[in-house]
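Peer 1: Quick one, fold the following:
(one chain, ligands or ions: 3)
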Amino acid sequence: MKTLKVALLGCGNVGAQVARILLTDAEVLADRAGATLELTGIAVRNIGAKRDVEVPADLFTTDAEALIDESDIVIELLGGMEPASSLIRRALSRGASVITGNKALLAAQGGELNALAFENNAQLRYEAAVAGAIPILRPIMDSLSGDKITKVMGIVNGTTNFILDAMDSTGAQFDDVLKEAQDLGYAEADPTADVGGHDAASKAAILASLAFHTDFAFEDVHCEGITKITAADVAAAKDAGMVIKLLAIAERSEAGIGVRVHPTLLRRTHPLAAVHGAFNAVFVEAENAGELMFYGAGAGGAPTASAVMGDTVAVARRMASGGPLPAISAQQPVKVMDFCDITTSYWIGLEVNDEPGVLASIAQIFASNGVSIETLRQDSNPESNAGTAELLLVTHRSTEKALAATLAAVADLAAIKEVTSVLRVEGN
Ligand SMILES: NC(=O)C1=CN([C@@H]2O[C@H](COP(=O)(O)OP(=O)(O)OC[C@H]3O[C@@H](n4cnc5c(N)ncnc54)[C@H](O)[C@@H]3O)[C@@H](O)[C@H]2O)C=CC1
Ligand SMILES: N[C@@H](CC=O)C(=O)O
Ligand code: NA
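Peer 2: Ligands and ions are numbered 1, 2, ... in the order given. Purely as a prediction, here's the structure:
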């Protein structure tokens with residue numbers, strides 16, 4: 001049986017689990033791949049550091065370049081731009097195949113890296129980069145290649161789902177839950193990538209590129225994180241039978257393709273509302289397949305290592321059997337939609353003076369901007385805030401542009417004390 005030399009770069013949350021699987025499941029992997037996968041070395045920063053798994057000490061090296069130069073397959077699990085980008089380029093340029101979970105790098109340089117792999121008859125795979133263990137990229141690239149995808153919408157960041165879910169179910173404070181997500185190995189090295197929505201935006205760019213056969217970059221994604229979501233927002237949503245989730249949405253319409261990440265209100269009956277903890281789920285809508293949903297562990301060392309190993313076996317199978325690389329589908333030019341043309345429903349909270357005519361003036365502004373109100377609820381405030389009331393409006397679908405004009409005019413009304421929240425609503 002052929003032996004393929006495997007270099008592992010990084011031995012953190014995911015890398016350590018990949019090392020464990022390569023070492024303990026070697027026989028099974030060889031059967032599946034049709035080749036022996038020999039872990040020849042693990043590039044780390046500090047050889048003596050304490051690890052989560054037991055690995056023979058002689059596998060560790062600080063010389064990643066030398067390791068790559070002796071390898072057939074390189075698994076990059078360092079994270080970040082550099083040296084990950086240079087090391088992946090080095091491997092691909094010498095014809096070695098690369099598996100990575102580095103969504104930030106792929107969202108910045110995916111087009112170039114895919115082209116480099118193709119030029120060198122090498123394979124580049126990254127199932128782990130989006131929604132951890134969930135098989136989502138291969139189904140989009142292979143299983144749905146005979147269909148036309150119209151929308152991809154999902155929970156693709158485990159850390160923020162873990163935080164929002166805990167805030168919803170236990171009323172927990174944001175900071176305490178973030179610390180727990182970090183301890184469990186879900187969060188990025190710098191967790192602002194999670195809570196700021198950037199990790200989800202990188203994944204959205206990768207999903208949109210594959211779903212729409214084009215090349216979306218991180219900058220093409222409108223991105224809002226969850227840092228402004230308060231316990232009061234979560235409680236108000238709960239009171240209205242809804243839940244707040246950070247969604248990544250890529251949608252094709254006549255105006256182009258819009259890709260966005262933002263906190264979104266969902267009715268509790270929506271399937272994505274039932275995604276708890278660090279789990280992820282992705283909805284795909286295609287012209288012929290209709291609606292599909294993919295669900296599972298989106299973060300964590302072992303689940304993510306499962307996706308890495310799936311790619312490794314797939315890459316090794318082709319290396320063992322030979323044969324040309326499958327052609328990549330032609331990249332389509334794409335019109336990226338301006339965010340102001342995106343259409344969705346909105347939930348708007350207003351604190352107003354409780355006096356005659358206020359509702360009429362608000363309704364007049366919504367009507368003159370073409371934004372139709374679906375539901376309206378008014379609650380008088382307690383005595384401590386006497387003379388004021390809380391209004392909660394949910395609109396029918398309208399554009400961001402129309403909504404922004406409406407809100408600007410509403411905020412100017414003398415009777416409006418504060419616009420307390422504006423959230424987008426999906427799944428009506
Ligand atoms: N943790 C998770 O749930 C998931 C992680 N990923 C991605 O997988 C990759 C790895 O993630 P984690 O294992 O969680 O990160 P981590 O921070 O736990 O591990 C990265 C390891 O690489 C090492 N490293 C960094 N730069 C190095 C260098 N120049 N030379 C040698 N070692 C270096 C670090 O010391 C650390 O041990 C990242 O790209 C991440 O975005 C993808 C999906 C899920
Ligand atoms: N930090 C990420 C890890 C997986 O991609 C997350 O929380 O989902
Ligand atoms: Na995945």
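
Peer 1: Please make it C-alpha for all contacts and neighbour counts, starting now.
Peer 2: Fine.

Peer 1: is ligand 3 contacted by the helix ranked longest in the chain?
Peer 2: For the chain, the longest helix by residue count, based on DSSP state H, is helix 301-321. No. Judged by Cα under 5 Å from the ion, helix 301-321 makes no contact with ligand 3; its nearest approach is 6.1 Å.

Peer 1: what lines up beside the helix or strand following that helix in the sheet?
Peer 2: As assigned by DSSP states H and E, the chain's next helix or strand after helix 301-321 is strand 343-353. With DSSP bridges as the test, strand 343-353 is paired with strand 388-395 (antiparallel), strand 398-399 (antiparallel), strand 416-425 (antiparallel).

Peer 1: With respect to burial, which of the ones you listed scores highest?
Peer 2: Ranked by mean neighbour count, the strands paired with strand 343-353 are led by strand 388-395 with a mean of 20 (mean count of other Cα atoms under 10 Å).

Peer 1: quick one: average confidence on that one?
Peer 2: When pLDDT is averaged over strand 388-395, the result is 94.

Peer 1: hmm, back to that, what residues does the longest helix of the chain touch?
Peer 2: The contact list for helix 301-321 (Cα atoms under 8 Å, 6 or more residues apart in numbering) reads 2, 4, 13-18, 29, 32-35, 37, 73, 75, 97, 99-101, 123, 125-128, 132-135, 185-186, 297-298.

Peer 1: May I see the ChimeraX selection of the buried members of those?
Peer 2: Restricted to buried positions by 16 or more other Cα atoms under 10 Å, the ChimeraX selection for these reads:
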select :4,13,14,15,16,17,18,29,33,34,35,37,73,75,97,99,100,101,123,125,126,127,128,132,133,134,135,185,186,297,298
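
Peer 1: just checking, which of the contacts of helix 301-321 belong to strands?
Peer 2: L4, L37, I73, I75, S97, I99, T100, R125, A297 (DSSP state E).

Peer 1: Surely the second one is in contact with L8?
Peer 2: By that I understand L37. No. Using Cα atoms under 8 Å, L37 is not in contact with L8, being 11.7 Å away.

Peer 1: which one is V419 nearest to, not counting chain neighbours?
Peer 2: L350 (4.5 Å; Cα to Cα, 6 or more residues apart in numbering).

Peer 1: got a list of what the one you found touches?
Peer 2: E390, L391, L392, I416, K417, E418, V419, T420, S421.

Peer 1: Can you mark which positions in the worst-scoring helix or strand of the chain on mean pLDDT are buried?
Peer 2: Here the helix or strand of the chain ranked lowest by mean pLDDT, DSSP states H and E is helix 174-183, holding a mean of 87. Buried residues in helix 174-183, counting neighbours by 16+ other Cα under 10 Å, are found at F174, V177, L178, A181.

Peer 1: other SSEs contacting it?
Peer 2: Using 3 or more Cα pairs under 8 Å, 6 or more residues apart in numbering; DSSP states H and E, the elements in contact with helix 174-183 are helix 158-170.

Peer 1: wait, does the helix it packs on contact ligand 1?
Peer 2: No. Using Cα under 6 Å from any ligand atom, helix 158-170 stays clear of ligand 1, with a minimum separation of 7.7 Å.

Peer 1: Per-residue pLDDT of the nearest residue to A7 once chain neighbours are set aside, please?
Peer 2: Nearest residue to A7 in three dimensions, chain neighbours excluded: V74, at 4.8 Å (Cα to Cα, 6+ apart). Looking at V74, its pLDDT is 98.

Peer 1: So V74 is in contact with L9, correct?
Peer 2: Yes. If you go by Cα under 8 Å, V74 and L9 touch, sitting 7.4 Å apart.

Peer 1: Those two - which one has more neighbours?
Peer 2: Counted by other Cα atoms under 10 Å, V74 and L9 do not tie: L9 has more neighbours, with 30 against 27.

Peer 1: near ligand 2, which residues of the stretch 1-150 of the chain?
Peer 2: A131, G132.

Peer 1: which residue ranges form the helices in the stretch 1-150 of the chain?
Peer 2: For the stretch 1-150 of the chain, the helices defined by DSSP state H, counting those that start in this stretch cover 13-24, 26-33, 64-69, 84-93, 103-119, 137-138.

Peer 1: what's the spacing between stretch 162-179 and its chain's center?
Peer 2: Centroid separation for stretch 162-179 versus its chain: 19 Å, with Cα atoms, centre = their mean, to the nearest Å.

Peer 1: what's the answer for stretch 117-128, then?
Peer 2: The chain centroid and the centroid of stretch 117-128 are separated by 21 Å, computed with Cα atoms, centre = their mean.

Peer 1: residues in contact with it?
Peer 2: Residues contacting stretch 117-128 (Cα under 8 Å, 6+ apart): 92-102, 113-114, 133, 135-138, 304-305, 307-308, 311, 315, 324-325.

Peer 1: So which of the contacts of L350 is the closest to ligand 3?
Peer 2: Taking Cα to the ion as the measure, ligand 3 sits nearest to S421 out of the contacts of L350, at 33.2 Å.

Peer 1: That closest one: what's it in contact with?
Peer 2: Per Cα under 8 Å, 6+ apart, neighbours of S421: D233, W347, I348, G349, L350.

Peer 1: repeat that for 10 Å
Peer 2: K228, I229, T230, A232, D233, Y346, W347, I348, G349, L350, E351, L392 (Cα atoms under 10 Å, 6 or more residues apart in numbering).

Peer 1: Then A211?
Peer 2: Applying Cα under 10 Å, 6+ apart, the residues contacting A211 are 137, 139-141, 144-145, 148-152, 205, 250-251, 284, 286.

Peer 1: Kindly recompute the last result at 8 Å.
Peer 2: A211 makes contacts with I140, M141, I149, V152, as judged by Cα under 8 Å, 6+ apart.

Peer 1: Equivalent analysis for V98, please.
Peer 2: Applying Cα under 8 Å, 6+ apart, the residues near V98 are I73, V74, I75, E76, I88, A91, L92, A122, Q123, L124, R125.

Peer 1: Report the separation between the spatially most distant residue from the centre of the chain and I362.
Peer 2: Counting by Cα atoms, centre = their mean, the extreme residue of the chain relative to its mean C-alpha position is P356, 46.0 Å from that point. From P356 over to I362 the distance is 12 Å, taken as Cα to Cα, to the nearest Å.

Peer 1: got it, and R89?
Peer 2: 57 Å.

Peer 1: Within its local environment, how many residues does D412 see?
Peer 2: 11.

Peer 1: For stretch 309-323, what does the pLDDT average out to?
Peer 2: On average, stretch 309-323 scores 94.

Peer 1: That concludes my questions; thank you for your assistance.
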